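In: Show me the folded form of this:
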Amino acid sequence: SIREWQPLAKEPKKTDKGDPIEIQIYNACFSPDGKSLAVEKWWTSDQGFRRSGATMTVVFDLEVQKELWREDAKGSSCDFAFSPDGKRLAMTGGRFSVRDVGTGRQLAAAPSPGWIGYLSFSPKGETVAIHIGRGVALWSPNEKTPIREISLHGNAATNAVFSPDGKRLAVNSGLTFQVL
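Out: Alright, predicted model coming up:
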């Protein structure tokens, strides 16, 4: 676990009781330009303002050292990926959504069709690959339904990457890779 610090402060943030706030960072992702950071914070004990085990995605502007926005993940673990231009953040956590990095405004959202795992943007930011159960769904960041769903044989998808030209997708499914 880590202690949460206020930007430019000399002491960590504290609870109402004066104890340092202890949190765990479950996931973190820098924007491609390195100016923003998204983290999933996970509280592991009751601290008077959050329930035990609560998760939250927080996006920071690293240039001015301030929090831009936060989203309660309602207890679900999150994964996220920045678009190649760094202006959008695709998120999982009970549902798929795409948000404006600067404002947190939701640009697109869809309910979860099942367990949602890792995700990645195509090189031009036109498609997001989302690992759903034992398959992969390809989404346009502006749509509420997938463009295409791909069933995989074997284990659940654990990772997927687009080729640099965005025409191919390599999917890790357990001990095997499939190139689509």
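
In: On the three-state scheme, residue 78 is what?
Out: coil (DSSP: H, G, I helix; E, B strand; the rest coil).

In: That one against residue 92, yeah?
Out: Yes - applying C-beta atoms under 8 Å, one finds residue 78 in contact with residue 92, separated by 5.8 Å. Quick note: C-beta positions are derived from backbone N, CA and C, even for glycine.

In: So residue 97 versus residue 151, what's the distance?
Out: Plainly put, residue 97 is 24 Å away from residue 151 if you go by C-beta to C-beta, to the nearest Å.

In: Now tell me which helix or strand of this structure has the poorest mean pLDDT.
Out: strand 2-3 (a mean of 46; mean pLDDT, DSSP states H and E).

In: Just give the nearest non-adjacent residue to residue 99, would you?
Out: Spatial nearest neighbour of residue 99, chain neighbours left out: residue 89 (5.1 Å); criterion: C-beta to C-beta, 6 or more residues apart in numbering.

In: any idea which element the one you found lies in?
Out: Element membership for residue 89, per DSSP states H and E: strand 88-91.

In: which element follows that strand toward the C-terminus?
Out: Trace forward from strand 88-91 with DSSP H and E and the next one is strand 95-100.

In: which secondary structure elements does that following strand contact?
Out: On a contact count with 3 or more C-beta pairs under 8 Å, 6 or more residues apart in numbering; DSSP states H and E, strand 95-100 meets strand 88-91, strand 106-111, strand 116-121, strand 128-132.

In: Switch these over to a markdown table; also include mean pLDDT.
Out: Below are these laid out as a markdown table (pLDDT from 0 to 100):
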| stretch | mean pLDDT |
| --- | --- |
| strand 88-91 | 92 |
| strand 106-111 | 81 |
| strand 116-121 | 80 |
| strand 128-132 | 83 |
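
In: how about these in CSV, adding mean neighbour count?
Out: Below are the helices and strands packed on strand 95-100 laid out as CSV (neighbours: other C-beta atoms under 10 Å):
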stretch, mean neighbour count
strand 88-91, 24
strand 106-111, 14
strand 116-121, 20
strand 128-132, 25
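
In: Dump those strands into TSV; add distance to residue 34 as well.
Out: Converted to TSV, the helices and strands packed on strand 95-100 look like this (distance: least, C-beta to C-beta, whole Å):
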stretch	distance to residue 34
strand 88-91	15
strand 106-111	22
strand 116-121	16
strand 128-132	21
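
In: With that, I have no additional questions.
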